[in-house]
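> got a predicted structure here, sequence first:
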Amino acid sequence: MATALPDLDRDANSTLAEQIAGFYGCAIEEGRLRPGDRLPTIRMVAEHAEVTRATVQQGYRLLAERGLVSATVGRGTQVMAGGNGQRTAASPQAAAAWHQLQTLHQIPRLAEGIATLADFSAIVPDSSLFPVEEFQRSMSRVLSERGRELLVYGDPAGSAALRAFIAERDEPVGKQGQADQVLITSGAQQGIDLVLRVFTAPGDAVAVPIPTYQHFFGSLKSQGLDLIPVASGPEGIDLDDLRRVLSKSTVKLFYAMPTFHNPTGRSLDRAQRRELMDVVCQTNVPVLEDEFERDLRFKGEPMPFLRGMDPRGLTATVRSFSKGLFPGVRIGWVHASPEVIGPMAALKRFADLETSPLLQAGLLDFIESGAMANYLEKLRKTLRSRHALAQDCLRRHVPAAKATIPEGGFSFWLELPEGVDGDRCAELLSRRGVLVTPGRLFDPQDRPCAALRISVSRASVEQIRAGIEVLGRCVKEVQERGRTSQPPLFL
């Protein structure tokens, strides 16, 4: 087992993670570390270098992306047999996607024996609110009435009736929706994948406002695409920076999440959407509009789709029933011009034939029965009260932090007081039974971030009160350690 540990230069131009990767990369390439050798544990390197474990994880991930090491649960991080430049079994895109997936495990988890006090980490609906009996009745009804028809192959583009319903529902009042503008997908994630495949090719780049949805990084890597960041902040997307990025010849797509943005919870108002599309429409760059939580608005007026502001017909909107209803049914859709939907339906056909006809029929029956409207009304009220309580608790326990105040959705962005690192705070919280998502994970450059994403989707009233009280204590503890120059938290 390798025991050499890196000494880091905090004044260097390279990041600490890059220095860790460089230290062990040289050892591998020079033969001092051989295939099968294990790198020191993340905890060991973090203790020696006085950095967070997340920094070491990022350094090891950089090595994995170069094909030098692989991480296996229970076996640690080992030098790969192909690490000396030999070809590995997986394609570069598959290997990059696999290693990007490992970053999702960097969210601090509870240590064995520690009970969950509050889980603010995941954007997952509260299953205790699910109208299971109503959905069961819908499934039973369609099976009884149309079972033989629904248990065979269906239309690759999706149920005509469901597509027609979605087309009408998503269009502004007074405008006729067309079913041929909708493609049913296996969740929003497949919709994103298909939009990427239609508009881009390996080696192309996608313009993305940062911070953003962390799973999108893996989607890009899986297709051999580069990400070019666009600056954004409390006032929205930096349009000057967007113009600069869109002028690059390699940029073939722009990714936007205009409503209840993940991770910040912010939404673009009507004027911001118009200004954004005025910039985009001066180019030929298509837009991927991600509206994954649009149904969860609990205050304010609904905003228009970017798609309706694009006279070029180059905006594809991806939506899903996963957040407003159930993730388990895996039904989403893409809404775009027929010229885009046609090739996309062909790609889906060769990928998975079609989304389940039975689940589509059951879902449509559930909607037409009025059960979805009743459930969404209850869910919105619940989210509104949970967000209000969280904001009240933050004012009492973490007054120096700045939280976004969303008009809907599951989560908000919490900017921590000066000197409080998000990773350190998240790690300390996990030791007290509270789970949060460090802001660093939403940055493709993996830079330290003094922010957290807080989701109230699965947190009860008691959990919100208790969890944010602990958050306040942990913030003070991190601040105190910084003032007194105590040893790092993560040893």
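On my side now, so go ahead.
> contacts, neighbours, all on C-alpha from now
OK.
> burial of the nearest residue to Pro338 once chain neighbours are set aside, as a residue count?
On the basis of CA to CA, 6 or more residues apart in numbering, the spatially nearest residue to Pro338 that is not a chain neighbour turns out to be Gln181, at 5.1 Å. When counting by other CA atoms under 10 Å, one arrives at 20 neighbours for Gln181.
> tell me the confidence at Gln181?
Looking at Gln181, its pLDDT stands at 95.
> so where's the stretch 351-491 of the chain shaky on pLDDT?
Low-confidence regions of the stretch 351-491 of the chain, defined here as pLDDT under 70, cover residues 482-491.
> following the longest helix seen in the chain, which helix or strand shows up next?
Identified as the longest helix of the chain according to DSSP state H is helix 371-397. Counting by DSSP states H and E, the element after helix 371-397 in chain order, helix or strand, is strand 402-403.
> measure Glu168 to Phe305 for me?
Glu168 sits at a distance of 14 Å from Phe305 (criterion: CA to CA, to the nearest Å).
> those two: which is more packed in?
For Glu168 and Phe305, the more surrounded residue by other CA under 10 Å is Phe305, and the numbers stand at 20 against 16.
> Thr315 versus the more buried one, what's the distance?
Between Phe305 and Thr315 the computed distance is 10 Å (CA to CA).
> Thr77 now?
Using CA to CA, we find Thr77 at a distance of 42 Å from Thr315.
> next: Lys348.
For Lys348, the distance to Thr315 - CA to CA - is 19 Å.
> in terms of neighbours, single out the busier of those two.
When Lys348 and Thr315 are compared for neighbours, Thr315 comes out ahead with 27 against 22, by other CA under 10 Å.
> which pLDDT value goes with that one?
According to the model's per-residue confidence, Thr315 sits at a pLDDT of 98.
> so how far is Gly409 from Gln190?
Applying CA to CA, one obtains 21 Å for the distance of Gln190 from Gly409.
> swap in Pro92?
As judged by CA to CA, Pro92 and Gly409 stand 35 Å apart.
> check Val285 too.
For Val285 relative to Gly409 (CA to CA), the value is 28 Å.
> list the contacts of Leu253.
With contacts taken as CA atoms under 8 Å, 6 or more residues apart in numbering, Leu253 has the following neighbours: Leu196, Phe199, Thr200, Ala205, Val206, Ala207, Val285, Pro286, Val287, Leu288.
> helix/strand/coil for it?
Assigned by DSSP: H, G, I helix; E, B strand; the rest coil, the conformation of Leu253 is strand.
> how about it: which residues does it bridge to?
Beta-bridge pairing of Leu253, defined through DSSP bridges, involves Val206.
> tell me the pLDDT of it.
Predicted confidence (pLDDT) at Leu253: the value is 98.
> name the residue in Gln190 and Gly409 with the higher neighbour count.
Set Gln190 next to Gly409 and count neighbours by other CA under 10 Å: Gly409 wins out with 29 against 20.
> how about the contacts made by the nearest residue to that one once chain neighbours are set aside?
The spatially closest residue to Gly409, leaving aside those adjacent along the chain, is Leu296, at 5.1 Å (CA to CA, 6+ apart). Leu296 is in contact with Gly324, Leu376, Leu379, Arg380, Gly408, Gly409, counting by CA under 8 Å, 6+ apart.
> just to revisit the earlier point, ok, the contacts of Leu253 vs Gly25, which is closest?
Of all the contacts of Leu253, Ala205 has the smallest distance to Gly25: 27.0 Å, by CA to CA.
> the closest one: neighbouring residues, count only.
Summarising burial for Ala205: neighbours were counted as other CA under 10 Å, giving 21.
> was I right about it contacting Phe254?
No: applying CA atoms under 8 Å, one finds Ala205 not in contact with Phe254, separated by 9.1 Å.
> who touches both of the two?
By the contact definition CA under 8 Å, 6+ apart, Ala205 and Phe254 are jointly contacted by no residue.
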